[in-house]
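In: model the structure of this input:
(chains A and B)
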Amino acid sequence: MQTLGTPILASAVWAQSSGSLGLRSFLQPCVADELAKNDKQVLLIWLDGGMSQLESWDPKPNTEFGGPFRAIPTSVPGINVCELLQHTAKQMHHLALLRSVCTQDNSHSAGVARINRGDPKNRGVDYPFLGSAVAKLLGPTSSGMPPYLWIKPYSGGFKASDAGFLGAKYGALALGDGKPPDNLLLNKTISPEENELRNELRQKFNNRYAVGRRKEWTEANSYVYELAKKLMDRRDLFNESSVTDKDRERYGTHELGRHLLLARRTLETGVRFVKVNSYHWDSHGDNFNASDSLIRQFDQPFAALIEDLHERRMLDNVLVIVMSEFGRTPKINSHVGRDHWPEAWSIAMAGAGIQRGVVVGKTNDQGTFVDGQPHDIGDLFHTWFKALGVPQDMMEYDNNGQPLPVANEECSPIPELLA
Amino acid sequence: MERQWFFRRIIRGILILVLATPVVSADERPLALRIDELIEVRFDGQQPAPTADDAEFLRRICLDFAGRIPTADETRRFLDNSAADKRTQLIDQLLAAPTYAQRMQELFHVMLMERRGDNDKWTHYLRTAFDQNKHWDQIVRELLYPDAEDESRRGAGFFYTKRIEANGQNAVDYPGLTRDVGRLFLGADLQCAQCHNHLFIDDYKQQDFQGLYSVYLNLSVKSGLDFPAVTEKAMEKKLEFVSVFDPTPHQTGPRIPFAKELNVPEQVKDGPPVSVLALLAKDFPIPDNILFSKNIANRLWFMMMGRGLVHPLDLHHSGNPPSHPELLELLASEFAAHQYDIKWMLRELAITRTYQRSSRHPAAMADDNGEPAAVSFDQIPPHSYLLFNEKRLLAEQLLYSTLQATGNLDRLLQPAAEGKPNPELVDLTAKYIAAFANEPREPEDQINPAVKGALFTLNDEMSLHLLSRQQGNLIDRLMTMTDDQLLAEELYLSVFTRKPTDEERTELVAWLAPQVDRERAIGMWAWSMLTSVEFVINH
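Out: Numbers count the residues shown, from 1 in each chain, chains lettered A, B, ... in the order given. Below you'll find the predicted structure:
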């Protein structure tokens, strides 16, 4: 197919092209400059349904509710975790565990959103999930990659609902089953030069349209085409053959293993916030066999991921969080299961701005309640925003004139977790 | 600061509750005039945008009433028409054209089903309803009580069946159906009142949710039929419920939210079965049900003006008052007084100054010397209606407009063999919906910039093919033109529904002059127009 000749570029048209709206306009300009230096990233691993803290971060072996598994020592003397985390135990010196999590909701339907939103005070608006909040507060990194990617089983697409009142553009680009979005390859009838040209023309038309009009639509159009270009440029991300056999073996070929490996690769391209979802953690029945399977499926790739981030010197920059909507009941029910338990559970984290090799907070001997100061999810949102270097003067959203604190104002950062 | 704001909202809500008691109006003037007065009285001395020019108005009204942009020839004829009342004439023509029913079918399909899926009988039902200008109360009556015996309204059952169909091992989503009936027909999202009185919307009580829920618990899909239908079990007793905060048991019979319990007669032995659905359908879509009228008035207003008087559309309650409470009252009562005639209402909205205002505000432009604009957009928010609020296009509107602009619409509207739709059109429709529609269950009421849409226009083969030369299409027409000035005019009229400015004409002519492969060059310019904001939204 013949391509267009060079005269196109020589045309007087281009002299008038003004600077492009785009990623920069995603943020207020003054803030954008300040944040350009901040390339902190986040990986959120969401274990949907509720991981049992007793079979993972807060084992209570040989107690009434302890269950059949042993506790094992970790790379940090004095800190033990459940034996199902045998690989992760070796990475404990990179991790921080909060064992005193106490949250407010024991239902999935409300709890998932409540935890993902940091349980802000109710002001009649839908708060954004953490990924959308970070996309809004920090924007894309200097890589220009989409600020919020979501790797999940099942369907992909653009998930606007996470964004709440921030508006759809802060939603998540979801890679369903870890697969790339459709139409990622440049159509074979179009040369890269032509592609460049037609997008410059489109942008020129946009700029002309924008004069005297609200900017939202032009910004949205420019933004999605810039993201599309970034993704097309980085389509190697989805090239399975570029994954080494060693990585495949270390992360495992199961779903969560593949998805966590993809997460590492997307973080390497500079995506600001990556969420990885794993489902079916709601073990009301047969909790111990379920945990034996599920927690091991998590343990192997998670340990490999932490090791990789460390070796690539990315751990100073990437905040890693492992959480669910709640923990599970110490009491073992008649189906040998554990039910929903927001009263006392654990959240693990590592990386940017976070203390290494520590346990903060504790539960009582039976693991039923927090012993000492409990911590709600709002405290953790404050902690994470601080770890990510969100400036103090950005701790409030402006929702069409309605000021909204980015995190519950009755909560505060947990100093012991901060490096 | 934040607290003050909250209290202001509450106090405003209380005031409005007090003031909003319906008053019978003696004002006999046309509704459109009264609408404009109520909007303009709140301008507070600010200058509104000027009236949209003919081209801007033409494009807007065609998208709203025909679901597509006009052809270049239609545009020329309208611009050349010197009749003083040509806008009103056009509005009436569009409301009488067959494209009106198709557009309304698509609009209400997306509003009511939120991309859960489609069904031929349902499409037929909606299409026929709007063909006959069936009134909104009647449509809702049929949706709430889809009588399987009556062939003419069978498709209406899809509203229920799609929502309560089996979904793997999940429980049938009766709460979801209950919530949707509240959202879509009353503008009240009762979801958080399922398990307790709503925590921060005092108007939403648990009994409002549970009362409606009790009706739907008896509903199931009737299988083995070639149309969507439900069956209803007899309701044996009242529904018992407790709040998660308070173990005191409560009970409720079937209830329309915010109203009394329905009066369900005793089942007479050997008599016809008592249908609670029928009772619900009888008492729901009536003027006494104020929220029923307000919800639809607000939704039609949103569809025309790009912003709900109550926004979000499904949060009518005293803590989220309308931007123009007296206007919403007026629209709701007038709509009820006109027996919920949708076509009448849309016509009234279309002839207002508010609808016909430009989406461009001169005072918001920086001047030629680079001086900043006199007015910032923060000063003229969407609910001020000081300028027209740009609107998102449905995937269907974007598809038909793209086909119209590229001169492929007539060809693709030709049925294939046996009256079946053209397979290329079927494929393109599916692709456009995949690329531009929201996920299932998400209302399409705000900007949703999607990377998948961008990737689709950049790389999809079928979509790009619309810009290759085929007999009679846009590129073909332009390729036969030798005068590039005329070519520029034809291209801009076809895609942007307006003539090019001198600047645009000059730059296109200059650009084309040295091109060796004119077909590709023209196609590229057209692609860039078709993917730019001016084309992909209604402004």
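In: report how many residues lie close to residue 343.
Out: If you meant another chain, say so; for now it's chain A. 19 (other C-beta atoms under 10 Å in any protein chain shown). Every residue, glycine included, has its C-beta placed from N, CA and C.
In: meant chain B actually
Out: If you count neighbours by other C-beta under 10 Å, residue B:343 ends up with 16.
In: three-state assignment of it?
Out: With DSSP: H, G, I helix; E, B strand; the rest coil as the basis, residue B:343 sits in helix.
In: chain neighbours aside, what residue packs nearest to it?
Out: residue B:133 (5.1 Å; C-beta to C-beta, 6 or more residues apart in numbering or on different chains).
In: residue B:340 is in contact with that neighbour, correct?
Out: No. Look at residue B:133 against residue B:340 with C-beta atoms under 8 Å: they stay out of range, at 10.7 Å.
In: which of these two has more neighbours?
Out: Between residue B:133 and residue B:340, residue B:340 has the larger neighbour count (other C-beta under 10 Å), namely 23 against 14.
In: am I right that the more buried one is in contact with residue B:137?
Out: Yes. Between residue B:340 and residue B:137 there is a contact under C-beta under 8 Å: 4.4 Å.
In: Three-state assignment for the residue nearest to residue B:343, please.
Out: Secondary structure assignment for residue B:133 (three-state DSSP): coil.
In: which residue does the stretch 301-419 of chain A have closest to chain B?
Out: Using C-beta to the nearest C-beta, the closest approach of the stretch 301-419 of chain A to chain B is made by residue A:403 at 4.7 Å.
In: looking at this, that residue is in a strand?
Out: Yes. Assessed with three-state DSSP, residue A:403 lies in a strand.
In: ok, how many other residues are close to it?
Out: 14.
In: correct me, but residue A:54 touches residue A:63?
Out: No. Assessed by C-beta under 8 Å, residue A:54 is found out of contact with residue A:63, at 9.2 Å.
In: still on that earlier bit, where's the residue of the stretch 301-419 of chain A closest to chain B relative to residue A:393, distance?
Out: Using C-beta to C-beta, to the nearest Å, residue A:403 is found at 12 Å from residue A:393.
In: follow-up on the earlier one: is the residue of the stretch 301-419 of chain A closest to chain B in a bridge, and if so with what?
Out: residue A:398 (DSSP bridges).
In: just the pLDDT at it, thanks.
Out: Looking at residue A:403, its pLDDT is 89.
In: ditto for residue B:104
Out: Per-residue confidence (pLDDT) for residue B:104: 98.
In: now swap in residue B:122 and tell me
Out: Value listed for residue B:122 in the pLDDT field: 97.
In: phi, psi for it please.
Out: As for residue B:122, its main-chain torsions (degrees, to the nearest 10) stand at phi -70, psi -50.
In: which residue is the nearest non-sequential neighbour of it?
Out: Here the residue nearest residue B:122, using C-beta to C-beta, 6+ apart, is residue B:158, at 3.7 Å.
In: does that neighbour sit in a helix or strand, and which one?
Out: Under the criterion of DSSP states H and E, residue B:158 resides in helix B:158-164.
In: who's in contact with whichever helix or strand comes after that helix?
Out: Once the chain leaves helix B:158-164, the next helix or strand it forms, by DSSP H and E, is helix B:174-186. For helix B:174-186, contacts defined as C-beta atoms under 8 Å, 6 or more residues apart in numbering or on different chains pick out B:111-112, B:140, B:144, B:160, B:163-164, B:188-191, B:194, B:208-209, B:212-213, B:216-217, B:219, B:257-258, B:284-285, B:289, B:291-292, B:295-296, B:314, B:316.
In: can you show me the CA trace of stretch A:207-224 as CSV?
Out: Output in CSV follows, covering the C-alpha atoms of stretch A:207-224 (Å, rounded to 0.1, in the frame of the first residue of the first chain):
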residue,chain,number,x,y,z
ASN,A,207,-8.1,22.7,19.4
ARG,A,208,-10.2,24.7,17.0
TYR,A,209,-13.5,23.2,18.3
ALA,A,210,-12.4,23.9,21.9
VAL,A,211,-12.3,27.7,21.5
GLY,A,212,-15.0,29.2,23.8
ARG,A,213,-16.3,25.8,24.8
ARG,A,214,-16.0,23.7,27.9
LYS,A,215,-12.8,21.8,27.9
GLU,A,216,-13.9,18.4,29.2
TRP,A,217,-14.8,16.8,25.9
THR,A,218,-11.7,17.9,24.1
GLU,A,219,-9.5,16.8,26.9
ALA,A,220,-11.3,13.5,27.1
ASN,A,221,-10.9,12.9,23.3
SER,A,222,-7.2,13.9,23.3
TYR,A,223,-6.5,11.9,26.4
VAL,A,224,-7.9,8.6,25.1
